[in-house]
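>>> What follows is a protein structure lacking sequence information:
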């Protein structure tokens, strides 16, 4: 059997490696247009700051290693220009020698990935504007900031790579701006969580321009002048585009493989295209959203690696199925880690999917043990069954552990009850007897069974004279701020002062993080009051309303 693989990195390389383990006699050839067959694309921003100071460590595998370890023929600088499905062969151009030749196949795997989106903006072809998609891109940027006296760089786009690049350039001593057309960075997050990142970036010296797009670039001897849609002009030495990616679908279109509305190759659950001998994977394909079951595109390295294993198994006679992508991801932003899995509230609203939500606060480990760090967790779940729809977690330690627990339970079809009952390891340096994951499940249970009625910050504008806000914190806790026209009634005093509260109005209790207000709401509801409690507490409001200039 002869298998040709177009494209390396995560998907193609993992397919080839698994295929060799399944079939020692198969002839396997990988064709890669670039110079590097398998590299750590997610590590590229950290190379710019010398956090990763050894460039070679980014090269996961080389053609020589593939040949020596796996007996796989890797051909770099080889551009596949055509697929002849009828005769089952491909046409390749050697980009070093310009030789053009053909190779036949029994099975073909497409893993060309995606390319940076370059919008039609005036001046965008300037040699002072870069993308960061591969090792060569990183080399070019690294050379500029190393050899030249670079003072500032503008990042256009606030996704994963844009935010990571901004952080690393700032760590390298370069003044950095992020220009993002949307109201927030990191679209996988909801605004409450993203706001914490916004504030942290500004605190770290990043110039943040949200709700802002670029209308033109002007290349001058003094630098790159970037004009924004609000008529503001920013001068930078260089700009890095991180606006998004588009599927490398030219071969698929040329050979009439079926593609979706955004150009991604359509595959079935076995990752086979509409040609029985051609498979596809990675950033180029359309996948099923694990939660909504809708067709979508989620470009992540983890799913691509798993897809490669499935394709190799199917080529060698298996019937493995890919069951959809959750979009589980994590990002370091200076001192914070922020992670998500499943779908966010914005998407639930847009798709009109019924949901409930809760925000809970906890710590990375037992808060009496040194260096316990706060964690904020948002959980989304179905009103009827409590099935988990998505989650977002932010903090300075222990975020990865929590999102992975939730993602794993979610993958198994778990519910809020499973979160509440999850038996997790506990020792003071590592966790708590009642972990924040458990607390999230318990809070969700309380909401689901109407033991508490939550009130959310986006409902503040709907308050009338028939509502009463009660701050149940101590006077000292209240110094961080409070809502206007509230009543200060500390939790410790509330049982003895019930006669001061009206039973003909709706009472909303609040505190800093939501725990004391929950206790207060339980006291009041059992004493005949109509009461809700501010879910997540005043601290989220504080983050949403910081007076930062972005």
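Cool, got the structure. All figures in this text were calculated on a predicted structure; none of them were measured in a lab. Residues are numbered from 1 along each chain as shown.
>>> wait, residue 453 sits on residue 531?
Yes - counting by Cβ atoms under 8 Å, residue 453 does reach residue 531; the two are 7.2 Å apart. Where you see a C-beta, it was placed from the backbone N, CA and C, and this is true even at glycine.
>>> Which one of these two is surrounded by more residues?
The neighbour count for residue 453 versus residue 531, taken as other Cβ atoms under 10 Å, is higher for residue 531 (24 against 16).
>>> Quickly run through the sheet partners of the host helix or strand of that one, with directions.
Per DSSP states H and E: residue 531 is located in strand 530-534. If you go by DSSP bridges, strand 530-534 pairs up with strand 454-455 (parallel), strand 506-510 (parallel).
>>> And the helix or strand following it, what does it pack against?
The helix or strand immediately downstream of strand 530-534 is helix 538-544, counting by DSSP H and E. Packing contacts for helix 538-544, counted by 3 or more Cβ pairs under 8 Å, 6 or more residues apart in numbering; DSSP states H and E, involve helix 191-203.
>>> hmm, 10 Å instead?
When contacts are defined as 3 or more Cβ pairs under 10 Å, 6 or more residues apart in numbering; DSSP states H and E, helix 538-544 packs onto helix 191-203, strand 356-363, strand 374-381.
>>> hmm, who's touching the helix or strand following the first one?
Beyond helix 191-203 on the C-terminal side, the first helix or strand identified by DSSP H and E is strand 207-209. The contact list for strand 207-209 (Cβ atoms under 10 Å, 6 or more residues apart in numbering) reads 152, 154-156, 158, 166, 175-181, 185, 197-199, 201-202, 226, 228, 230, 232, 234, 548-550.
>>> Out of those residues, which sit inside strands?
152, 154-156, 175-179, 226, 228, 234 (DSSP state E).
>>> Could you export those as a markdown table, including pLDDT?
A markdown table is the format used below for these (pLDDT from 0 to 100):
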| residue | pLDDT |
| --- | --- |
| 152 | 96 |
| 154 | 98 |
| 155 | 98 |
| 156 | 98 |
| 175 | 97 |
| 176 | 97 |
| 177 | 98 |
| 178 | 98 |
| 179 | 98 |
| 226 | 98 |
| 228 | 97 |
| 234 | 95 |
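>>> I'd like to check which residues are in contact with the residue lying closest to residue 110 once chain neighbours are set aside.
Nearest residue to residue 110 in three dimensions, chain neighbours excluded: residue 280, at 4.1 Å (Cβ to Cβ, 6 or more residues apart in numbering). Contact analysis of residue 280 by Cβ under 10 Å, 6+ apart lists 6-7, 11, 108-112, 247, 249, 251-252, 257, 264-267, 271-273, 286, 307, 311.
>>> now the strands for the stretch 251-400 of the chain?
Taking DSSP state E, counting those that start in this stretch to define them, one finds strands in the stretch 251-400 of the chain at 265-266, 278-280, 285-288, 295-296, 329-333, 336-342, 356-363, 374-381, 388-395.
>>> Quick one: closest of those to residue 24.
Checking the strands of the stretch 251-400 of the chain against residue 24 by Cβ to Cβ gives strand 278-280 as the closest, at 20.4 Å.
>>> for the record, mean pLDDT for that closest one?
Mean pLDDT, strand 278-280: 98.
>>> now stretch 139-147
93.
>>> Please, where are all the helices along the chain?
9-22, 44-48, 63-70, 135-147, 160-171, 191-203, 250-254, 301-315, 345-350, 399-411, 416-421, 436-448, 515-525, 538-544 (DSSP state H).
>>> can you give me the angle the third one makes with helix 9-22?
For helix 63-70 against helix 9-22, the angle by axes from the mean of the first three to the mean of the last three Cα atoms, to 10 degrees is 30 degrees.
>>> sorry, back to before: rebuild the strands paired with strand 530-534 as CSV, extending it with mean neighbour count, mean pLDDT and distance to residue 212.
Formatted as CSV, the strands paired with strand 530-534 follow (neighbours: other Cβ atoms under 10 Å; pLDDT from 0 to 100; distance: least, Cβ to Cβ, whole Å):
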stretch, mean neighbour count, mean pLDDT, distance to residue 212
strand 454-455, 22, 98, 33
strand 506-510, 24, 98, 33
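>>> how about those in CSV, adding distance to residue 338?
Listed next are the strands paired with strand 530-534 as CSV, based on distance: least, Cβ to Cβ, whole Å:
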stretch, distance to residue 338
strand 454-455, 23
strand 506-510, 25
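>>> between those strands, which gets nearest to residue 441?
Between those, strand 454-455 lies closest to residue 441; by Cβ to Cβ that is 15.1 Å.
>>> mind checking pLDDT for residue 550?
On the pLDDT scale, residue 550 gets 68.
>>> And residue 527, how close does it get to residue 499?
For residue 527, the distance to residue 499 equals 10 Å [Cβ to Cβ, to the nearest Å].
>>> ok, back up a step: buried subset of the contacts of residue 280?
By neighbour count, with 16 or more other Cβ atoms under 10 Å, the contacts of residue 280 hold 6-7, 11, 108-112, 247, 249, 251-252, 257, 264-265, 267, 271-273, 286, 307, 311 as buried.
>>> Most tightly packed of the helices and strands packed on helix 538-544?
Mean neighbour count (mean count of other Cβ atoms under 10 Å) peaks for strand 374-381 among these, with a mean of 24.
>>> tell me the angle of it relative to helix 191-203?
Interaxial angle, strand 374-381 versus helix 191-203 (the same axes, to 10 degrees): 150 degrees.
>>> quick one: average pLDDT of strand 374-381?
Across strand 374-381, pLDDT averages out at 98.
>>> all numbers from here: first residue = 39
Renumbered: residue one is now 39, and that last one reads strand 412-419.
>>> could you give the angle of it to strand 374-380?
Put simply, strand 412-419 runs at 10 degrees to strand 374-380, going by the same axes, to 10 degrees.
>>> Would you list the strands that strand 412-419 pairs with, along with their directions?
strand 394-401 (antiparallel), strand 426-433 (antiparallel).
>>> so which of the ones you listed gets nearest residue 175?
That would be strand 426-433 among the strands paired with strand 412-419, by Cβ to Cβ, at 29.1 Å.
>>> that older thread, who wins on neighbours among the ones in strands among the contacts of strand 245-247?
In the ones in strands among the contacts of strand 245-247, the most neighbours by other Cβ under 10 Å go to residue 193, 28 neighbours.
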